[in-house]
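>>> Would you be able to build a 3D model of this:
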Amino acid sequence: MTSPDVPVSAHGVSAHDVAVPETYTIPVGPLHVALEEPMYFKIDVRGETVTSVDINAGHVHRGIEYLATHRSMIQTVVLTERICSLCSASHPEAFAMAAEAIAELEVPSRAKYLRVIAGEVKRLASNLFNVAILAHLTGFETLFMHVMQVREIAQDIKEAVFGNRMDLGAICIGGVRYDLDAEIMMELTKRLDEIAPLVDEIIETYRTNGTILRRTRGVGVLTRDQAIACGVVGPVARASGVVYDVRHAAPYAAYPDLEVAARGLSDGDVWSRAMIRLYEARDAIDIVRQALAKLPAGEIHGDERPDVPPGETIAKVEAPRGELIYYLKTNDGPNPERVKWRVPTFMNWDALRFMLAEAKVADIAIVVNSIDPCISCTER
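Have a look, this model is predicted:
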């Protein structure tokens, strides 16, 4: 018999019998199956819903900025390429651009186009890798293996053109360290023709597949105002309606002579961020084709060991994850006096506090993956 002082539901269950969700803390990381690199999240949860997030980084600090000041300018180009394998064309390019600005070096036209080709091939492979991991985290293992198989074609392109599958060794101060002959250009065109329809199929799958849509639509939402407040960049920003791309805002290399689509979506969820990456992977193929068609004759670099006088400047490129900024200060010595970079993840990971608010525990890994975090880039 229920006391008349206790409210009773229509099903005869008293309020005392209804369990109040307990608030507790879940540690995610620094070593966790859902994280590619060490990063620690202290997540407060009520029931199955996230109430707050505390992000703790610094687990893989390597002191690369310090190491750069103890190496020559030429050695630092090689060092910056080792910062991150997925952005291994963007880091040395930004550093080389800064050095070229201080030294007032003019990069040959052919080298500018070759830099674009290297960067866009890396963008293609990097974006496919991220959306493949998304499929894995949703439990769609068949799609994960298919996307990774398609990405292998991009890896084969890198091996055929640059001799390496990850670090390309393509950039030097004043130009590039590789060239394309007729045979390699023919092979590159053939592989692009092979991968393009497969990327189109992947785009259609992510656009229409029920499993992907149920796990990603409306999940990890970042509004346009929140994106601006956090200063996010790259696909994360463009998926929230902030269509900012360095290739448009401050064109570099051969991008002023090429057509680059301005991609943007407005929902700001996990699905939108994946679709932006897929669209830009497809665009990367088109940009490489344009660069091959317009590739001018001429030198690929100037002086192999140019003198960089004292000075300071910044340079920025559009890495696969977004705007990458380099600050370089030089003096009378052979080594840089100061090298500092601001990477996309540094701006993007703060937005996880908004994306994970009211998210379900099962979606934490998917949301974190959606910013494509690179801890190696960030913890310098």
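
>>> so Arg115 sits in a strand?
No: secondary structure of Arg115 (DSSP: H, G, I helix; E, B strand; the rest coil): helix, not part of a strand.

>>> Compute the number of surrounding residues for it.
Counted with other CB atoms under 10 Å, residues neighbouring Arg115 total 27. For glycine as for every other residue, the C-beta is placed from the backbone atoms N, C-alpha and C.

>>> Kindly report the same for Asp181.
When neighbours are counted by other CB under 10 Å, Asp181 comes out with 7.

>>> I'd like the distance between it and Pro296.
Distance of Asp181 to Pro296, computed by CB to CB, to the nearest Å: 15 Å.

>>> residues touching the closest residue to Ala68 other than its chain neighbours, list them.
Once flanking residues are discounted, Ala68 sits nearest to Val339: 4.2 Å by CB to CB, 6 or more residues apart in numbering. Going by CB atoms under 8 Å, 6 or more residues apart in numbering, Val339 touches 65, 68-69, 76, 80, 95, 326-329.

>>> was I right about Ala135 contacting Phe144?
Yes: using CB atoms under 8 Å, Ala135 is in contact with Phe144, at 4.1 Å.

>>> More neighbours: which of those two?
Ala135 (25 against 18).

>>> Need phi/psi at the more buried one.
Per-residue torsions, Ala135: phi -60, psi -40 (degrees, to the nearest 10).

>>> Quick check: which element contains the residue nearest to Ala68?
In this structure, Val339 sits in strand 336-342 according to DSSP states H and E.

>>> Give the buried residues for the helix or strand that Thr142 is a member of.
Here Thr142 sits within helix 141-162, counting by DSSP H and E. For helix 141-162, burial by neighbour count (16 or more other CB atoms under 10 Å) applies to 143-144, 146-148, 150-151, 153-155, 157-158, 161-162.

>>> The very next helix or strand once past it pairs with which strands?
The helix or strand immediately downstream of helix 141-162 is strand 171-172, counting by DSSP H and E. Here strand 171-172 is paired, per DSSP bridges, with strand 175-176 (antiparallel).

>>> where's the partner strand relative to the chain centroid, distance-wise?
The gap between where strand 175-176 is centred and where its chain is centred comes out at 23 Å by CA atoms, centre = their mean, to the nearest Å.

>>> Just the C-alphas of stretch 342-349, formatted as PDB.
Written as PDB, here are the backbone C-alpha positions of stretch 342-349 (Å, rounded to 0.1, in the frame of the first residue of the first chain):
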ATOM      1  CA  ARG A 342      50.300  26.700 -34.500                       C
ATOM      2  CA  VAL A 343      48.600  23.600 -35.700                       C
ATOM      3  CA  PRO A 344      44.900  23.000 -36.500                       C
ATOM      4  CA  THR A 345      44.300  20.600 -33.600                       C
ATOM      5  CA  PHE A 346      45.400  23.200 -31.100                       C
ATOM      6  CA  MET A 347      42.400  25.300 -32.200                       C
ATOM      7  CA  ASN A 348      40.000  22.400 -32.800                       C
ATOM      8  CA  TRP A 349      40.300  20.400 -29.600                       C
END
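
>>> what about it, distance to the chain center?
Worked out by CA atoms, centre = their mean, stretch 342-349 lies 9 Å from the chain centre.

>>> Find the centremost residue of the chain, please.
For the chain, Arg321 is the residue whose C-alpha lies nearest the centre (CA atoms, centre = their mean; 2.2 Å).

>>> got a list of what that residue touches?
By CB under 8 Å, 6+ apart, the contact set of Arg321 is 86-87, 126, 233-235, 343-345, 348, 372, 374, 377.

>>> do Leu352 as well
For Leu352, the contacting residues are 41, 53, 55, 367-368, 371, by CB under 8 Å, 6+ apart.

>>> Of the residues you listed, which belong to strands?
41, 53, 55 (DSSP state E).

>>> right, and the second one touches Phe354 too?
No: taking contacts as CB under 8 Å, Val53 lies outside contact range of Phe354: 9.3 Å.

>>> rewinding a little: please flag which of the contacts of Arg321 sit within strands.
Among the contacts of Arg321, no member falls in strands (DSSP E).

>>> gap between the host helix or strand of Pro197 and the chain center?
Assigned by DSSP H and E, Pro197 belongs to helix 182-208. The chain centroid and the centroid of helix 182-208 are separated by 20 Å under CA atoms, centre = their mean.

>>> what's the following helix or strand after that helix?
helix 210-216.

>>> Helix or strand next in line after that next one, which one?
Taking DSSP H and E, what comes next after helix 210-216 is helix 224-230.

>>> Going by neighbour count, list what's buried in that following helix.
Across helix 224-230, burial judged by 16+ other CB under 10 Å covers 226-227, 230.

>>> now, among those, which is nearest to Arg110?
Ala227 (37.6 Å; CB to CB).

>>> shouldn't that closest one be in contact with Val242?
Yes: with contacts counted by CB under 8 Å, Ala227 reaches Val242, the gap being 5.0 Å.

>>> Need the overlap of contacts for Ala135 and Phe144.
Common contacts of Ala135 and Phe144, defined by CB under 8 Å, 6+ apart, are absent altogether.
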